[in-house]
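*Asks:* got a predicted structure plus its sequence, pasted below:
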Amino acid sequence: MVDNSYEKSFVTLKQTIPLLLKHNISATPTNYAIWYTYVSNESPELKSSIEHILDNKMEFSEVKTKELYRDYLATNKDISGWELRRSLEAMLLELSQSLKDTRLETTNFKETMDNCVDDLAKVEKEGLSVKEVMNLVRELVKDTQNIRLSTISFNASLAEAQNEIEALREKLEQSQQDALYDALTGLYNRRYFDEELATQSLKTNLCLLLVDLDHFKRINDNYGHVMGDAVLKATAKKLQAVCREGAQAFRFGGEEFAIIIPNSDFSKARSMAESMRKAIEKIGVKDKRTGKVLGDIAASIGVAELTKGMNPLTLVEKADSQLYEAKRLGRNRVMPMM
């Protein structure tokens, strides 16, 4: 169930925005993350660095911002993304230089060709010797071979760069996907849930479901975490299968899931919640070690509808309260009742 962390986050948010305005700092995701962490005091080192900048009346430049984020906040995935971008930039720079070199050699070759043509024209007018003509031919052959080698080298660089760019693109896409999705279930993660709920709560006709698997600890204790993970994956698939008309499923944390349902009233949201509860009841996960099928999976679900004046925190608390009530009344049910 939800804890005080969401309420704490909301309070920190209200303190962060005025600081951005006070110091004339753009409300970008990176700046927000830095100042949010500063206000929450989650990183004393970051707080000390920011206060040093403020005390010395230094400018929060883009470079300084990136340094703060990299040094104190960046995860391995963030750093990996930066490394990918740097690799791509370095490769493109090298390719650009190779292209410049080839163009320069091509220009030089053209000048050599023009000179050779002028010299060959003298053969008819001035009667150059055979030796002089052969020297011109040798020079022309030599430059032709050089430009041919240069062209071959450049084409090889292009082919290699194309392969590297494709590989980098795939890694970058994977890095971006990892930032949004839960690795185990494939659902959107808690980080994206917070962002999406904040966006969707600006609209009307929004409902939220909180889904919690009943007695999940027993599954882990009796069957092991591998079976527990299999149950979570199966639950995620069932939830996704029931989601419709823009509903989105998220891994909220542990054995808990969240469903954001836009353009919906309470009646429709509760109906979807009941469909999800019944779908979860049908889950059967086979234990590969024993061959037995683990059934009797159940979930409790709390439903909340966004009303006028309600913020995201209050909506989550309302759904969590109904989830707690479903647990209290015996589990495997949707609350509130119609």
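*Replies:* Here it is on my side, so go on.

*Asks:* per-domain residue ranges of this protein.
*Replies:* Per automatic domain parsing, the structural domains of the chain span 5-74, 77-178, 190-335.

*Asks:* pick out the shakiest of those domains, pLDDT-wise.
*Replies:* The weakest mean pLDDT among those belongs to domain 77-178, with a mean of 59.

*Asks:* next, the buried residues of stretch 47-64.
*Replies:* 47, 49-50, 53, 60 (16 or more other C-beta atoms under 10 Å). For glycine as for every other residue, the C-beta is placed from the backbone atoms N, C-alpha and C.

*Asks:* compute the first-to-last residue distance for it.
*Replies:* End-to-end distance for stretch 47-64: 14 Å, by C-alpha to C-alpha, to the nearest Å.

*Asks:* equivalent analysis for stretch 16-36, please.
*Replies:* End-to-end distance for stretch 16-36, by C-alpha to C-alpha: 6 Å.

*Asks:* buried residues in it?
*Replies:* Residues of stretch 16-36 classed as buried by neighbour count (16+ other C-beta under 10 Å): 16, 20, 30-36.

*Asks:* for that stretch, give me every contacting residue.
*Replies:* Stretch 16-36 is contacted from outside by 12-13, 38-39, 46, 50, 54, 60, 65-66, 68-69, 72-73, using C-beta atoms under 8 Å, 6 or more residues apart in numbering.

*Asks:* spatially nearest residue to Y69, not counting backbone neighbours?
*Replies:* T30 (5.2 Å; C-beta to C-beta, 6 or more residues apart in numbering).

*Asks:* need the buried residues of stretch 47-64 in TSV with distance to C207 and secondary structure, can you?
*Replies:* Below are the buried residues of stretch 47-64 laid out as TSV (distance: C-beta to C-beta, whole Å; DSSP: H, G, I helix; E, B strand; the rest coil):
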residue	distance to C207	secondary structure
K47	39	helix
S49	42	helix
I50	39	helix
I53	44	helix
F60	40	coil
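
*Asks:* which of those residues lies closest to G330?
*Replies:* Lowest distance from G330 to these (C-beta to C-beta) belongs to K47, with 47.3 Å.

*Asks:* ok so, going back, just say helix, strand or coil for the residue nearest to Y69.
*Replies:* The three-state label given to T30 by DSSP: H, G, I helix; E, B strand; the rest coil is helix.

*Asks:* element containing A198, please.
*Replies:* Of the helices and strands defined by DSSP states H and E, A198 is found in helix 190-200.

*Asks:* report all helices and strands that that helix contacts.
*Replies:* Identification of packing neighbours for helix 190-200 by 3 or more C-beta pairs under 8 Å, 6 or more residues apart in numbering; DSSP states H and E yields strand 248-253, strand 256-262, helix 312-328.

*Asks:* how about that helix: buried residues?
*Replies:* 192-193, 196-197, 200.

*Asks:* give me the contacts around it.
*Replies:* 9, 179-181, 188, 206, 208, 248, 250-253, 258, 260, 262, 312, 315-316.

*Asks:* if we use 10 Å, what do you get?
*Replies:* Contact with helix 190-200 is made by 6, 9-10, 13, 29, 179-182, 187-188, 206-208, 246, 248-253, 256-263, 306, 311-313, 315-316, as judged by C-beta atoms under 10 Å, 6 or more residues apart in numbering.

*Asks:* if anything else comes up later, I'll come back, but that's it for now.
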